[in-house]
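>>> Structure, please.
(chains A, B, C and D)
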There are 2 protein chains.
Amino acid sequence: MKNKEIQEQRMKGYFLQATKDLLKAEGLKNVNVRNIADRAGYSYATLYNYFKDINDLVFLCVYDFFEECEQHVHAHAKKQERGIKRLRASIRGYADFFVQYPGIFALFFTEDFGTFKDKSHVTEVISLSLDRVCEEEWNYCVSKGIVKADSVEQLKSQLRHATLGLLLLYINQRAGFSYTELINRLNLQTNAILSSSSIEAGPGNFTVNNSLISIKVK
Amino acid sequence: MKNKEIQEQRMKGYFLQATKDLLKAEGLKNVNVRNIADRAGYSYATLYNYFKDINDLVFLCVYDFFEECEQHVHAHAKKQERGIKRLRASIRGYADFFVQYPGIFALFFTEDFGTFKDKSHVTEVISLSLDRVCEEEWNYCVSKGIVKADSVEQLKSQLRHATLGLLLLYINQRAGFSYTELINRLNLQTNAILSSSSIEAGPGNFTVNNSLISIKVK
DNA sequence: TTATTTTCTGAACATTGTTCACGATCTTTA
DNA sequence: TAAAGATCGTGAACAATGTTCAGAAAATAA
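Numbering: from 1, shown residues only, chains lettered A, B, ... in the order given. Okay, here's the model as predicted:
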């Protein structure tokens, strides 16, 4: 009875891996049962012995992709000194990850769940993904008194929605600007949110000349 | 030569109207050539005599939908007194419009353009739609000295992205909260952005008790 | 080795976008 | 007005994709 379980998990893993590879390499529109099965080395019909439908398979990838995103962010952010700087770097890393893999962005935020069951788990991972990858740094900022504990939830929420909105326009080609310009706008926007009254002024955090428009990042 | 033009525009109009009705009534996933043609009273093949493909037809609807959105917003906002209050009401109206028609949100922000040509026009309408429906009120606020002229672009941008991000999570069912809660969060977020240093304090605008979290709207 | 259960597979069906040849209709012209 | 020609509308047909199913292949049990 144990072997059967192991073998089933192994089979699921093959399809899952094939789906992830395909999604990263060719985007969500090229993810279909025949392509997945080809990569996995089985017939498309076999897939249905292990997954209810293609949504079941595709949305299972969210967990792995979130971990990848987390690692990408941490690898990018750990070069910065702790505090607001690292927080900013985390947000930048988060955006970079989805720009690099637009298919993962589509899966996380725009793809219809269809018949996918138990979406509450996966929606929480998705909707709080930016908060999660920044969590350690938020805690640090609060513990050091850089950010007021009262304000953290409000700041997280602002950053979450602002980052998402900007990414949505850029990744779905609604914004007419370049990648460089995206990063520019992301920085401006992040600074505007972080330079609220909830952030204690401190040397090396950032310099604001009291106008929202021209914020100079040190 | 003139009659032909008129007749062609009329035919396009039938398909366009059918597409809009369908999209509003049944959402983007039920918009397909056969359903559209049924509503228009023609065969699905006839559609291809007037439009290059279905994307050509569907993205043409953007212009009309934007006008509808604009009217919805104005009808909702004109009850408020001019200035920050009406600005807030406009943002609320904008969100309401897309909540009422999730298919229009999908078309505006998440649907792939495919082979759609000349997207620069339509992307501008889309990406600046919130700015446009608020334009009159921004001008008013600047002219009355309620908002610093320097800050307007930054504020527009913040509101645009924050509103979009929040709507994305709600409409695509990534957020686990109700409509009431959405409006709550939207108001909080809007107030946080509008109560920056760029907004002059004034009687009746709003009351802030200096913390980001608990803003009381008068 | 044979029988039974499990796993895998292509055929087949539904849906959707698109093309195309053909017939209907309208216009031109002798 | 009637024949010739142009234009328009149509279903058949093809491709791509999701899904189901009966049966082949493989693994297991007797």
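>>> Stretch A:11-23 near DNA strand C at all?
Yes. Interface with DNA strand C: stretch A:11-23 contributes residue A:11 (CB under 7 Å from any atom of the strand). All C-beta atoms are positioned from the backbone trio N, CA, C, and that covers glycine.
>>> right, is that stretch up against chain B?
No. For stretch A:11-23, no contact with chain B is found by CB under 8 Å from any CB of the partner chain; the gap never falls below 15.1 Å.
>>> Can you tell me what sits against that stretch?
A:30-31, A:35-42, A:47, A:49-51, A:57-58, A:60-61, A:64-65, A:101, A:103-104, A:107 (CB atoms under 8 Å, 6 or more residues apart in numbering or on different chains).
>>> Would you mind checking the residues you listed for buried ones?
A:31, A:36-37, A:39-40, A:42, A:47, A:50-51, A:57-58, A:60-61, A:65, A:101, A:103-104, A:107 (16 or more other CB atoms under 10 Å in any protein chain shown).
>>> ok, which of the residues you listed also contact DNA strand C?
residue A:42.
>>> among the contacts of stretch A:11-23, which are in helices?
Counted as lying in helices by DSSP state H, out of the contacts of stretch A:11-23, are A:35-40, A:47, A:57-58, A:60-61, A:64-65, A:103-104.
>>> now, which of those residues lie close to DNA strand D?
Contacts with DNA strand D within the ones in helices among the contacts of stretch A:11-23, counted by CB under 7 Å from any atom of the strand: residue A:35.
>>> Now flag whichever of the ones in helices among the contacts of stretch A:11-23 is closest to residue A:193.
Within the ones in helices among the contacts of stretch A:11-23, the smallest distance to residue A:193 is 24.1 Å, found for residue A:104 (CB to CB).
>>> Per-residue pLDDT of the residue nearest to that closest one when sequence neighbours are not counted, please?
Residue nearest to residue A:104 in three dimensions, not counting chain neighbours: residue A:65, with 5.1 Å by CB to CB, 6 or more residues apart in numbering or on different chains. Looking at residue A:65, its pLDDT stands at 98.
>>> can you pull the contacts of residue A:65?
Contacts of residue A:65 by CB under 8 Å, 6+ apart are A:20, A:101, A:104, A:107, A:108.
>>> how far away is it from residue B:194?
From residue A:65 across to residue B:194, the span is 35 Å (CB to CB, to the nearest Å).
>>> Which parts of chain A belong to which domain?
Listed by automatic domain parsing, the domain ranges of chain A are A:1-51, A:52-216.
>>> Quick one, grab the pLDDT at the closest residue to residue A:26 other than its chain neighbours.
Counting by CB to CB, 6+ apart, residue A:103 is the residue found nearest to residue A:26 once chain neighbours are left out, at 7.5 Å. pLDDT recorded at residue A:103 is 98.
>>> Surely residue A:104 touches residue A:110?
No. Counting by CB atoms under 8 Å, residue A:104 does not reach residue A:110; the two are 11.0 Å apart.
>>> the strands in chain A, which residues?
A:207-208, A:215-216 (DSSP state E).
>>> In terms of mean pLDDT, which of these ranks lowest?
strand A:215-216 (a mean of 31).
>>> List the contacts of whichever residue of chain A sits closest to DNA strand C.
In chain A, the residue that lies nearest DNA strand C is residue A:45 (2.7 Å; CB to the nearest atom of the strand). Shown in contact with residue A:45 (CB under 8 Å, 6+ apart): residue A:37.
>>> again with residue A:113
Going by CB under 8 Å, 6+ apart, residue A:113 touches A:55, A:59, A:119, B:173.
>>> Residue A:23 versus the third one, what's the distance?
It stands for residue A:119. Counting by CB to CB, the gap from residue A:119 to residue A:23 is 18 Å.
>>> Show me where chain A dips below the pLDDT cut-off.
A:1, A:197-218 (pLDDT under 70).
>>> again, only using 50
A:202-218 (pLDDT under 50).
>>> quick one, which of residue A:119 and residue A:23 is more surrounded?
Between residue A:119 and residue A:23, residue A:23 has the larger neighbour count (other CB atoms under 10 Å in any protein chain shown), namely 23 against 17.
>>> Now the phi/psi pair for residue A:79, please.
Main-chain dihedrals, residue A:79, degrees, to the nearest 10: phi -70, psi -20.
>>> doesn't residue A:104 make contact with residue A:98?
Yes. Contact criterion CB under 8 Å: residue A:98 and residue A:104 qualify, at 6.3 Å.
>>> overlap in contacts of the two?
With CB under 8 Å, 6+ apart, residue A:98 and residue A:104 have common neighbours residue A:69.
>>> what about the helices in chain A?
Using DSSP H, the helices of chain A run over A:2-26, A:33-40, A:44-47, A:54-77, A:84-100, A:102-105, A:119-127, A:129-143, A:152-171, A:179-194.
>>> and the fifth one, how far out from the chain's middle?
Going back to what we said before, that points to helix A:84-100. 9 Å (CA atoms, centre = their mean, to the nearest Å).
>>> Pull the contacting residues for the residue of chain A found nearest DNA strand D.
Chain A approaches DNA strand D most closely through residue A:32 (2.7 Å), counting by CB to the nearest atom of the strand. Contacts for residue A:32 (CB under 8 Å, 6+ apart) come out as residue A:54.
>>> Next, give phi and psi for it.
phi -140, psi 160.
>>> So which bits of chain A are right by DNA strand D?
So chain A meets DNA strand D at A:3, A:30-35, A:44-45, A:48, A:53-55, A:114-115 (CB under 7 Å from any atom of the strand).
>>> Try it again at 6 Å.
Residues of chain A lying near DNA strand D by CB under 6 Å from any atom of the strand: A:32, A:33, A:34, A:44, A:45, A:48, A:53, A:54.
>>> Please list only the buried members of these.
Among the residues of chain A next to DNA strand D, those scoring as buried are A:33, A:54 (criterion: 16+ other CB under 10 Å).
>>> between the ones in helices among the contacts of stretch A:11-23, which is nearest chain B?
residue A:103 (11.5 Å; CB to the nearest CB).
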